[in-house]
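**Student:** no sequence on this one, just coordinates:
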């Protein structure tokens, strides 16, 4: 077989790289020259990308450059004296595989190659393949390569679905074309032609597993990412034998209009992926929060900062949403039975529902698979949704596609019909409304019926906290709320009982759908909304809606970031809430918010705090005197519990030495524990008590020691050496100098009874308090009892000082990247300035740690501006220091 160098010219002058020498040991200069040539051409492509060439053109340019580079090297090598008389190219075919095979090569994508060879290959050809592979590596191409017979390929494809999938996307490069064509025929008949449905289901399950593990936007494996598009391509290839979506030529599967829109979305994703590769200098698909700002800027989004990022990510989710929708539609069509079989099955089992609609199993279908019937009567769109709700059905793939295609026919007149109002109200009242709201949303109809929700579609909050778009967040809230209806009473007992007693959850769910559009709107916005007015809400429902939307984060902010044991905090919160019903609704709203915002955002410790705020507020609403009565009630209970252990004089002596708010901030069980610990302290450097929380995976540690100096810093420091996550802390100083520190610590091994970690902790405390070891030395050898969470999130520390809220204390609020050791850094900084910490409130929001400290300096507030500035500067430097051994002095 004869090959010509000129036949494969891509426009690159390869002659500038020189000739390949016969001796492999003398190819260094050729490798360097060829590397420089490729780097120069890649830089040209990067400049094309910068000039806003569409994404696919950049992929094609990279693919073409690699194609011609490989061909040039193979042809040049084949002409050397060592090989030219054997014609090695007649014995194998070089094939591009995977993304490279599709012609979709991003700047740093894998270059996967397959050498198709005969069973018995000449030794010189085998040597040629090894030689050419070493040259590919020598010029800096990171290739993945395999050398197989056609029989090997078929066998491996039968055994491994990943190999099978990669072989769908192959492209001939050079060599024995007949051998490649033989491979394609064999692959089509032996692999693609068998078990089509099983293959499709396997790929779908694998895709779902990938997506479930994605917490940050992933341009490849995330919902609507390139893998969804690839899956549609693979399914079409398996079902129809088509190499591209446009080869299907059937509007029943996908129309030209849909494909044009899909191409537009893919071009956007290709361009983003190109920029991601250029920005990171490596193959990557995750749009981490720290990368999004620069991505937005380089992709031309104006406005800078938060606005540019939110606009960019809004477009990203719009495009991935469309890719997901079209890809799923195509895949479902590939899974559907053939029309003749489908009709036969339908005739046997269908249940007529009127208007051409019928139920078949759990699916709703229509006699007309084409969309013309919906074009003629747009009311059928609402009819379809009503039937789904009434008969607990989901639209089949054809109906789902038609609902989306013709959703833009819904005008104001149709939306404001009584039946449309009834549809939305009935849906919100349903015990499983999230399912039907999502059907409406995916059809593009929910945002038309409720434009206030429509404005939140693909809206992004650039705040390191929300992990989902606004519309998805709202629907997740509905799902987590309704989950309480099927949750065993023993789990989240208070919330479950509260939800099950809720007579009408309609308004609460509606507030979820409106919460993002409510921002920056006047207080009376719901009353003036034309689209809300046609829902005909009662005066009470409208007032509840306004209350929930106006106080979305009030309970979360109060419970997690304020001292809920202070009467002023409880009183202020209760007066804003006003009634027990509003309190219950806001609790359910807040619970759903934290469950929906990100996996792990709702924790058992947060549940304890929120529940305590709920009970304290409810008590105040029922009896405002309860706050002033609480200290005496606690005192009486302490005397009752300890009457056989301590005398009244001993109990009263302890209480007199404690701060004024002691009996407000601690319950009788805690006070009794403090008295016992102080009594057992005689002759000891400290006493450490541990108690497992009855709710959730955390433990209470109470440290009592005779000296206040660095007690809290030592405990926090030693917990940090074990990489234990501290959830909350309180510090008490008795007037006689004795200190009591209570911390809540996440249990590293909640299922285990192994006490090793606590024994080591107690031993280290003893060593530090006795002076046998220094805390700084222990911090250098941190023990990983739990894995520290990695983070690529860049959050600049923010320090806020408040001298107004609490009478006796200065409140310091510290926000920074959440990491183990954060609390220790802050505590140590305060220690440098002889600042006394009285209470610590710890919380996390996404990747952000938010710690609030009640502090004093020389028994008073910190008010001097220069001193506050020095404290802030030291805190910021400490929080930005990675190594605990290098903290500023």
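**Tutor:** Sure, I can see it. Since we're looking at a predicted model, the values are computed, not measured.
**Student:** Going by C-alpha atoms from here, please, whenever you check contacts or count neighbours.
**Tutor:** Noted.
**Student:** buried residues in the helix or strand containing residue 669?
**Tutor:** Taking DSSP states H and E as the criterion, residue 669 maps to helix 668-679. Buried residues in helix 668-679, counting neighbours by 16 or more other C-alpha atoms under 10 Å, are found at 668, 671-672, 674-675, 677-678.
**Student:** now stretch 863-875
**Tutor:** Within stretch 863-875, the residues that count as buried by 16+ other C-alpha under 10 Å are 871-872, 874-875.
**Student:** Which strands and helices lie in contact with the helix holding residue 669?
**Tutor:** helix 626-642, strand 698-705 (3 or more C-alpha pairs under 8 Å, 6 or more residues apart in numbering; DSSP states H and E).
**Student:** centre of the chain versus the following helix or strand past it, how much separation?
**Tutor:** Next helix or strand after helix 668-679 toward the C-terminus (DSSP H and E): strand 687-692. Mean C-alpha position of strand 687-692 versus that of the full chain (C-alpha atoms, centre = their mean, to the nearest Å) differs by 36 Å.
**Student:** How many neighbouring residues does the closest residue to residue 125 other than its chain neighbours have?
**Tutor:** Among residues not flanking residue 125 along the chain, residue 88 sits closest, at 5.1 Å (C-alpha to C-alpha, 6 or more residues apart in numbering). Applying other C-alpha atoms under 10 Å, we find 24 residues neighbouring residue 88.
**Student:** Look up how far residue 150 lies from residue 88.
**Tutor:** According to C-alpha to C-alpha, to the nearest Å, residue 88 and residue 150 sit 18 Å apart.
**Student:** so residue 729 bridges to which residues?
**Tutor:** Here residue 729 shows beta-bridge partners residue 743, residue 840, assigned using DSSP bridges.
**Student:** What ranges does the stretch 301-450 of the chain have for its strands?
**Tutor:** Taking DSSP state E, counting those that start in this stretch as the criterion, the stretch 301-450 of the chain carries its strands at 351-354, 357-360, 363-366, 394-395.
**Student:** so which of these comes closest to residue 39?
**Tutor:** Among the strands of the stretch 301-450 of the chain, strand 394-395 comes nearest to residue 39, with 51.9 Å by C-alpha to C-alpha.
**Student:** which residues does the residue nearest to residue 125 contact?
**Tutor:** Taking C-alpha atoms under 8 Å, 6 or more residues apart in numbering as the contact definition, residue 88 lies against 78, 124-125, 128.
**Student:** Of those residues, select the buried ones using a ChimeraX command.
**Tutor:** Here is the ChimeraX command that selects the buried residues among these (16+ other C-alpha under 10 Å):
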select :78,125,128
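**Student:** can you tell me which two in the contacts of residue 88 are farthest apart?
**Tutor:** 78 and 124 (11.0 Å).
**Student:** for the stretch 1-150 of the chain, which spans come out with low pLDDT?
**Tutor:** 1-10, 53 (pLDDT under 70).
**Student:** Is it correct that residue 233 is in contact with residue 244?
**Tutor:** Yes - between residue 233 and residue 244 there is a contact at 6.5 Å, judged by C-alpha atoms under 8 Å.
**Student:** Looking at these two, which one has more neighbours?
**Tutor:** Taking neighbours as other C-alpha under 10 Å, residue 233 and residue 244 compare with residue 233 leading, 21 against 13.
**Student:** Now the more buried one: which helix or strand?
**Tutor:** Going by DSSP H and E, residue 233 is part of helix 226-240.
**Student:** Can you name the element that comes right after that helix?
**Tutor:** helix 256-280.
**Student:** Give me the contact list for that next one.
**Tutor:** Contacts with helix 256-280, where a contact means C-alpha under 8 Å, 6+ apart, come from 46, 49, 54-56, 58-59, 106-108, 219, 225-226, 245-246, 283-285, 287, 295, 298-299, 316, 319-320, 322-323, 326.
**Student:** For that helix, buried residues please.
**Tutor:** So for helix 256-280, counting by 16+ other C-alpha under 10 Å, buried means 262, 264-278.
**Student:** Residue 353 versus the closest residue in space to residue 362 that isn't next to it in sequence, what's the distance?
**Tutor:** Leaving aside its chain neighbours, residue 362 sits nearest to residue 393 (5.1 Å; criterion: C-alpha to C-alpha, 6+ apart). Using C-alpha to C-alpha, residue 393 is found at 12 Å from residue 353.
**Student:** of all the helices and strands packed on helix 668-679, which lies closest to residue 112?
**Tutor:** The closest of the helices and strands packed on helix 668-679 to residue 112 is strand 698-705. By C-alpha to C-alpha, the value is 48.7 Å.
**Student:** Residue 840: which of the buried residues of helix 256-280 is nearest?
**Tutor:** For the buried residues of helix 256-280, the nearest to residue 840 is residue 276 (40.4 Å; C-alpha to C-alpha).
**Student:** ok, now how distant is the closest one from residue 263?
**Tutor:** Residue 276 is 20 Å from residue 263, by C-alpha to C-alpha.
**Student:** So in terms of bridging, what pairs with residue 688?
**Tutor:** Under the criterion used (DSSP bridges), residue 688 bridges to residue 703.
**Student:** So it sits against residue 703, correct?
**Tutor:** Yes - with contact defined as C-alpha under 8 Å, residue 688 reaches residue 703; the gap is 4.6 Å.
**Student:** Show me the helices in the stretch 251-400 of the chain, by range?
**Tutor:** Here the stretch 251-400 of the chain has its helices, by DSSP state H, counting those that start in this stretch, at 256-280, 289-298, 305-335, 339-349, 372-376, 379-391, 397-405.
**Student:** Show me what counts as buried in the third one.
**Tutor:** Think helix 305-335. 307-335.
**Student:** Tell me which other helices or strands it touches.
**Tutor:** helix 196-212, helix 226-240, helix 256-280, helix 289-298, helix 397-405.
**Student:** what about residue 554, how many residues close to it?
**Tutor:** Other residues close to residue 554 by other C-alpha under 10 Å number 16.
**Student:** what do you get for the one 5 residues further on?
**Tutor:** Under the neighbour criterion other C-alpha under 10 Å, residue 559 is assigned a count of 25.
**Student:** With residue 386 as the reference, measure out to it.
**Tutor:** 41 Å.
**Student:** Run a quick neighbour tally on residue 226.
**Tutor:** Residues near residue 226, counting by other C-alpha under 10 Å: 23.
**Student:** these two touch, right, it and residue 232?
**Tutor:** No - contact between residue 226 and residue 232 fails when scored by C-alpha under 8 Å: they sit 9.9 Å apart.
**Student:** mind showing which ranges of the stretch 201-350 of the chain have poor pLDDT?
**Tutor:** In the stretch 201-350 of the chain, residues with pLDDT under 70: 201-215, 337-349.
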